[in-house]
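Asks: no sequence for this one, just the structure:
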């Protein structure tokens with residue numbers, strides 16, 4: 001495994017100070033990007049989406065639970081195995097009661113929605129020890145309308161805001177074949193009982209809401225993925241997703 005170069009404390013401080021300048025610039029750019037995100041226009045929701053929950057049917061407005069804003073994690077369901085996606089599971093494992101409480105303090109609710117059947121979702125949720133709201137969109141247009149269930153027989157392909165022609169240019173033309181579940185987040189704002197869609201993000205954009213990735217980005221070994229630079233650090237202590245069922 002290739003490890004960082006060993007230097008003196010003074011040499012390390014010079015290199016760290018140079019990196020700090022780049023980090024501060026990135027922070028400023030991130031703040032500008034967040035401001036641009038807040039300036040996005042919004043779209044009124046004119047469809048009556050209905051979701052299955054452990055206590056029965058709930059509307060999109062119900063999911064706000066009285067708060068002004070709503071964040072939805074689109075959770076992929078593995079239909080062949082009738083279970084949750086491991087990657088989405090890893091992200092959902094980080095949704096703590098404390099996180100939910102902090103969001104509530106800023107008048108924002110967070111729920112997880114999958115197209116899997118509610119009975120399967122409840123079973124899977126119990127094995128993970130999750131306490132956050134997890135609902136099913138099965139039988140509704142919700143996943144298709146927000147482009148996290150991709151199926152050309154239902155609606156034209158649009159994944160991460162790219163058409164099928166654009167996806168083919170990026171080596172993702174396979175999304176036009178069959179039916180695919182994809183991850184994402186969508187954000188909503190309500191004005192009284194009127195709900196608006198303000199934002200959605202997909203693919204690696206979702207990482208900014210997953211804490212462990214950004215924690216790992218601060219370490220010498222990083223995320224331990226093959227694509228990372230410098231090469232040679234992926235074969236470290238990377239383990240499987242923790243099992244909380246026992």
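Replies: Okay, I see it. Model, not experiment: these values are computed from the prediction.

Asks: CA atoms for contacts and neighbours, from now on please.
Replies: Noted.

Asks: pLDDT score for the spatially most central residue of the chain?
Replies: Centroid-nearest residue in the chain: residue 206, 4.0 Å away (criterion: Cα atoms, centre = their mean). Per-residue pLDDT puts residue 206 at 83.

Asks: Would it be right to say that it lies in a helix?
Replies: Yes - under DSSP: H, G, I helix; E, B strand; the rest coil, residue 206 sits within a helix.

Asks: Residue 181 versus that one, what's the distance?
Replies: 15 Å (Cα to Cα, to the nearest Å).

Asks: cool, and residue 48?
Replies: 22 Å.

Asks: and residue 113, which of the three is it?
Replies: Recorded secondary structure, residue 113: strand (three-state DSSP).

Asks: ok, and the closest non-adjacent residue to residue 200?
Replies: residue 186 (4.2 Å; Cα to Cα, 6 or more residues apart in numbering).

Asks: mind listing what the host helix or strand of that neighbour pairs with, with the direction of each?
Replies: Assigned by DSSP states H and E, residue 186 belongs to strand 184-191. If you go by DSSP bridges, strand 184-191 pairs up with strand 69-75 (antiparallel), strand 194-202 (antiparallel).

Asks: got a list of contacts for the shortest one?
Replies: The set of residues external to strand 69-75 that reach it, using Cα atoms under 8 Å, 6 or more residues apart in numbering, is 63-64, 84-85, 88, 107-115, 143, 148, 182-190.

Asks: any low-confidence regions in this protein?
Replies: Where the chain drops to pLDDT under 70, the residues are 1, 210-215, 218, 235-246.

Asks: That one: strands as residue ranges?
Replies: Ranges of strands in the chain, per DSSP state E, are 43-44, 50-53, 56-59, 69-75, 77-78, 83-84, 108-114, 134-136, 149-151, 158-159, 162-163, 179-181, 184-191, 194-202.

Asks: remind me, longest helix of the chain?
Replies: helix 9-38 (DSSP state H).

Asks: Could you check the angle that one makes with strand 194-202?
Replies: Helix 9-38 and strand 194-202 are oriented at 140 degrees to each other (axes from the mean of the first three to the mean of the last three Cα atoms, to 10 degrees).

Asks: Pull the distance from helix 9-38 to the chain's centre.
Replies: Taking Cα atoms, centre = their mean, to the nearest Å, the mean C-alpha location of helix 9-38 is offset from the chain mean by 24 Å.

Asks: Check stretch 38-49 too.
Replies: Stretch 38-49 sits 19 Å away from the centroid of its parent chain (Cα atoms, centre = their mean).

Asks: ends of that stretch, how far apart?
Replies: 25 Å.

Asks: which residues are contacting it?
Replies: For stretch 38-49, the external contacting residues (Cα under 8 Å, 6+ apart) are 59-60, 140-142, 194-199.

Asks: Return the member of the residues you listed nearest to residue 7.
Replies: Nearest to residue 7 among the contacts of stretch 38-49 is residue 199, at 45.2 Å by Cα to Cα.

Asks: what sits opposite that closest one in the beta ladder?
Replies: If you apply DSSP bridges, the partners that residue 199 bridges to are residue 187.

Asks: Next up, the contacts around it.
Replies: 37, 40, 42, 186-188.

Asks: rerun at 10 Å
Replies: Residue 199 makes contacts with 37-38, 40-43, 71, 185-189, as judged by Cα atoms under 10 Å, 6 or more residues apart in numbering.

Asks: which of the residues you listed has the most neighbours?
Replies: Neighbour count (other Cα atoms under 10 Å) singles out residue 188 as the most crowded of the contacts of residue 199, with 24 neighbours.
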